[in-house]
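K.L.:
Build me a model:
(chains A, B and C)
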Amino acid sequence: MSDFVRSSERIRRIIARAILAGAVIIGAAARAEAPARVVSINLCTDQLAMLIAGEGQLLSVSHIARDRRVSAMADLAAGLDVNYGRAEEIYMLRPDLVLAQEYSPRATLAMLRRLGIPVVTLPDAATFGDVRANMAEMGRLLGREDAAAALIAEYDARLAALRDEAAERPRAVLYQASGYTSGGDTLAGRILIAAGFANAAAAADYGTGAKIPLEVLAMLAPDLVLTSEPYPGASRSEEMLRHPVVAALREGRRAAMTDHDWICGTPFVLRAVEHLAATRAAMTGTSE
Amino acid sequence: MTLLSLRDLSVSLHGRAVLRDVTLEIGAGEFVGLIGPNGAGKTTLMRAALGLIPAIGESNLAQLLQGARARRAAWMPQAREIAWPVSVEDVVMLGRMPHRDRGRRPTAQDRARVDEAIAWMGLEEMRHRGATRLSGGEQARVLIARALAQEAPLLMADEPIAGLDPAHQIMTMQTFAGLAAHGRSVLVSLHDLGIAARHCTRIVMLDEGRLVADGPPAEVLTPERLAHVFGITAWYRQTADGPVYQPLEVIR
Amino acid sequence: MIRVMIPLALAVLALFAASLLTGPAGIGVRDGLAALVAGDGGPLTLIMREIRLPRAILALMIGGSLGLAGAAMQGYLRNPLAEPGLIGVSGSAALGAVLALQTGLAASFALGLPLMALAGALIGVMLVMLLAGPRGASLTLILAGIAVSALAGALVSLVLNLSPNPFAASEMMFWMMGSLADRSMLHVWLAAPLMALGAGLLLTLGRGLDALTLGEDAAEAMGVPLSRLRLQLVIGTACVVGAGTAVAGAIGFVGLVVPHILRPLVGARPSRLLWASTLGGAAMLLAADIAVRLILPERDLKLGVVTALVGAPLFLHLILKLRKERI
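P.N.:
Numbers count the residues shown, from 1 in each chain, chains lettered A, B, ... in the order given. The predicted model follows:
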């Protein structure tokens, strides 16, 4: 009875701390000691943590962090232990902080919290400002505010350099597996605009998470179709990226792929903008 | 002319001899009744003769190619199966299949034979009705008409009158007798010894896979054989109305 | 016969044209047909020739072959419930197709995809016929179909989950329900040869199937070579179902609904039903494919959803009817 009361009291305290840490209250996390055994279970928190964590602070990242197609830091992740995001294996690592993203499986997070493990979720980044906020937040969570501040300073400088208004904006469409496109209110959409393109899908009212039918894609006839690099093995979702209509839209035009730099709200999004801006420069014949 | 010629025909099913060394000849114009207790091998004899099941020995029909055999012998299995609600006319027309080339429309001759068969079995009124909607007895008549339309010199039928009412039993036997009178031959298996004795020109008796008697009804249906093969007694008289035969008691 | 075939052919033509004119791009009749025929290289031509034309052709081919396969299997088994989708032939074909795609066979050899689907369908149809027996009694047939379908479905799921491609695992729905969205002429050419071969084998079965109306013994005695007929049926069915499933997934109920509706109109003759069901199947799938684009234009609603909504109630009705008659 008293055990139960004590342990439930402890859980409540831990949950309270987790909530405080997740909120933007600088004092709460700063006062707490920096966590020493951090486990990340989400590709995006994996990368932010790898960028900011101190030596030996990060115990394990998700196995996806080693996948070169989606992770910009696959080489670094190769040197770390990986997890598959299952509550049991994470519990066995005895972490004092678990990093997850707001869309990570709820059941797993709830289970970890019940087991007394502090879990913090970071919001999905949809703007360049969100990326910046997430870096700052990661610095606070890991007790590495200085490292985060340095990263943010570099990020701000590169971002400022990119903010040139393009005179001529070629029309581009993000065309991903199964025909999903990204609208203006997503990070990928903002990368497109920052690189000096116009989002033709967004202009045709295809917003976030909408499937753009092949026919509509053909009618839009964009100057650039941006697809993702296909995975090995076959799938119908990716087969349509090779449909004759997509191939015809690409014929004689510049090819561009979205890659691991596009997926998460990390400083690598700036690299994606730089690469795409170079493509635009080659298309329009103007130098930056 | 010999229509059916079997020599030492034997059939084994699952290692058990079902038919043993049956030798039988049927010429033109005969109406042969095939009798025997359940399991004596009547159905097996007819199917083996047609080459529908593997057999040892000789059968003139089994040696023929399928198409040629179908023009020499028509076969009515005991199971009266009509799977789809096709019209009576269409069922009877199936009997013309061995005479028609693939993909050809029925000729005037095909139609004439079908009309004859339908008239013979008294099916005119139902010729456009779905065959599956008829009663069991009507279906049996449709299938007989189908076999008649096949116009083969030999007609083999497995218990064609089982389940028919007395009038249609007699009509059917008279139809077969009429075929025999026109030079075609009929081999039917049946259980009604009285009807067999009255209508058939010849009786073949099977017992445990062996042919035990073959001849005119009066010679085959002796009290000794009936006692030995069927285990019954019977009353038999040649009357002014033809032969009358009535099984009486079981001997045990 | 003519009275049935001409309206069916006209319906197929009309639906084919309607299919060509249905799509999110909202192209007018005249513009669309001009772009299709003349071909100016613009986006309209691209849409008409590379998106809508293959889609309409595939619906025509696959619907026709499903209707044909249903009519042929029902004629052979003398059972109106025999349908490639229900008895697991389509599911087995999907397994073959998924194996070809995930092992890389389909990538290294163009016909690898339809041929593997054919092999899967062949195994499926042989298993079902072995389990159900020659007469195809309803209960054993349906039980055999459930067993084969369940096994094939589980194996498709297993193969997709083992795929290194994370999208593959989410495509179970496509393989089990079927879709013609975003197919191209490539798929038409992949499916066409096997489908033509299979249709040739099945359409010539009419005479034998007619004779089988009176049972196997009677048919054989009428000169129908039963073992050859069976072989022709099995290979023909596997060809058309395999080729169709390889490019469009497993689409159920077409082979059930179409023969059932058309049977009374052709005097229940299995030979006539083969031709009528081919046209009827094409019409049904063209209509279903137009429906999925009209009901939910923005999403890839699966064809099998529409065909099942029509077919499943009919299936239940048939079971009730058969229970009264003979099960």
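
K.L.:
How many residues are close by residue C:172?
P.N.:
Residues near residue C:172, counting by other CB atoms under 10 Å in any protein chain shown, number 17. The C-beta positions use only the backbone N, C-alpha and C, and glycine is treated the same way.

K.L.:
Which of the three states applies to it?
P.N.:
Following DSSP: H, G, I helix; E, B strand; the rest coil, the label given to residue C:172 is helix.

K.L.:
Which residues are in contact with residue 103?
P.N.:
Using chain A here. residue A:124 (CB atoms under 8 Å, 6 or more residues apart in numbering or on different chains).

K.L.:
let's do chain C instead
P.N.:
Contact partners of residue C:103, counting by CB under 8 Å, 6+ apart, are absent.

K.L.:
Look at it and report its pLDDT.
P.N.:
pLDDT recorded at residue C:103 is 89.

K.L.:
where along the chain do the strands fall?
P.N.:
All of this is about chain A. Here chain A has its strands, by DSSP state E, at A:38-40, A:58-62, A:81-83, A:97-101, A:119-122, A:171-174, A:198-199, A:224-228, A:256-258.

K.L.:
who touches residue C:199 in this structure?
P.N.:
C:64-65, C:68, C:236, C:239-240, C:278.

K.L.:
The residue nearest to residue C:126 when sequence neighbours are not counted: how many residues sit nearby?
P.N.:
Of all residues beyond its chain neighbours, the one nearest residue C:126 is residue C:234 (6.2 Å), with distances taken as CB to CB, 6 or more residues apart in numbering or on different chains. Neighbourhood size, residue C:234 [other CB under 10 Å]: 20.

K.L.:
Only the buried residues of the host helix or strand of residue C:234, if you could.
P.N.:
Using DSSP states H and E, residue C:234 sits in helix C:226-248. Going by neighbour count (16 or more other CB atoms under 10 Å in any protein chain shown), the buried part of helix C:226-248 is C:226, C:229, C:232-248.

K.L.:
cool, and stretch C:187-196?
P.N.:
Neighbour counts over stretch C:187-196 (16+ other CB under 10 Å) mark C:187-188, C:190-192, C:194-195 as buried.

K.L.:
same question for it, mean pLDDT?
P.N.:
Average pLDDT, stretch C:187-196: 94.

K.L.:
which residues are in contact with that stretch?
P.N.:
C:54, C:57-58, C:61-62, C:65, C:110-111, C:113-115, C:118, C:239-240, C:242-244, C:246-248.

K.L.:
ok so, going back, was I right about the residue nearest to residue C:126 contacting residue C:123?
P.N.:
No - using CB atoms under 8 Å, residue C:234 is not in contact with residue C:123; the gap is 10.4 Å.

K.L.:
Near chain B, which residues of chain C? Just list them.
P.N.:
Counting by CB under 8 Å from any CB of the partner chain, chain C comes close to chain B at C:78, C:207, C:210-215, C:217-218, C:220-225, C:263-264, C:267-270.

K.L.:
change it to 7 Å
P.N.:
Within chain C, the positions adjacent to chain B are C:78, C:207, C:210-211, C:213-215, C:217-218, C:220-223, C:225, C:267-270 by CB under 7 Å from any CB of the partner chain.

K.L.:
so of those, which ones are in helices?
P.N.:
C:207, C:210-211, C:217-218, C:220-221, C:270 (DSSP state H).

K.L.:
Using CSV, lay out the residues you listed together with distance to residue C:140 and neighbour count.
P.N.:
Putting these into CSV (distance: CB to CB, whole Å; neighbours: other CB atoms under 10 Å in any protein chain shown) gives the following:
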residue, distance to residue C:140, neighbour count
C:207, 27, 21
C:210, 24, 26
C:211, 23, 26
C:217, 20, 21
C:218, 22, 25
C:220, 22, 25
C:221, 26, 30
C:270, 21, 28
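
K.L.:
what about the residue nearest to residue A:109 when sequence neighbours are not counted, neighbour count?
P.N.:
Nearest residue to residue A:109 in three dimensions, chain neighbours excluded: residue A:119, at 5.2 Å (CB to CB, 6+ apart). Neighbourhood size, residue A:119 [other CB under 10 Å]: 25.

K.L.:
Relative to chain B, how far out is residue A:119?
P.N.:
Remark: distance between residue A:119 and chain B (CB to the nearest CB, to the nearest Å) = 66 Å.

K.L.:
next one: residue A:156
P.N.:
Residue A:156 sits 81 Å away from chain B, going by CB to the nearest CB.

K.L.:
again, but for residue C:113
P.N.:
From residue C:113 across to chain B, the span is 35 Å (CB to the nearest CB).

K.L.:
residue ranges with poor pLDDT in the stretch 51-200 of chain C?
P.N.:
For the stretch 51-200 of chain C, the stretches flagged by pLDDT under 70 are C:134-136.

K.L.:
Run a quick neighbour tally on the one residue in the stretch 1-150 of chain C that gets nearest to chain B.
P.N.:
In the stretch 1-150 of chain C, no residue comes nearer to chain B than residue C:78, which is 3.7 Å away by CB to the nearest CB. By other CB under 10 Å, 22 other residues sit near residue C:78.

K.L.:
What backbone torsions are found at it?
P.N.:
Per-residue torsions, residue C:78: phi 50, psi 50 (degrees, to the nearest 10).

K.L.:
Pretty sure residue B:86 is one of the things it touches, is it not?
P.N.:
No - the pair residue C:78 / residue B:86 is not scored as a contact, 11.8 Å apart, by CB atoms under 7 Å.

K.L.:
which non-adjacent residue is nearest the residue of the stretch 51-200 of chain A found nearest chain C?
P.N.:
Nearest to chain C in the stretch 51-200 of chain A, going by CB to the nearest CB, is residue A:177, at a distance of 5.3 Å. In space, and not counting its chain neighbours, residue A:177 is closest to residue A:237: 4.0 Å by CB to CB, 6+ apart.

K.L.:
how deep is residue B:107 tucked in, by neighbour count?
P.N.:
Residue B:107: 13 surrounding residues under other CB under 10 Å.

K.L.:
try residue A:157
P.N.:
As a burial measure, residue A:157 scores 10 neighbours (other CB under 10 Å).

K.L.:
swap in residue C:3?
P.N.:
For residue C:3, using other CB under 10 Å, the count is 9.

K.L.:
do the one 10 residues further on as well
P.N.:
Counted with other CB under 10 Å, the burial measure for residue C:13 works out to 14 neighbours.

K.L.:
Got the confidence number for residue 205?
P.N.:
The chain I'm using is chain A. Per-residue confidence (pLDDT) for residue A:205: 82.

K.L.:
Please refer instead to chain B.
P.N.:
pLDDT recorded at residue B:205 is 96.

K.L.:
Thank you, goodbye.
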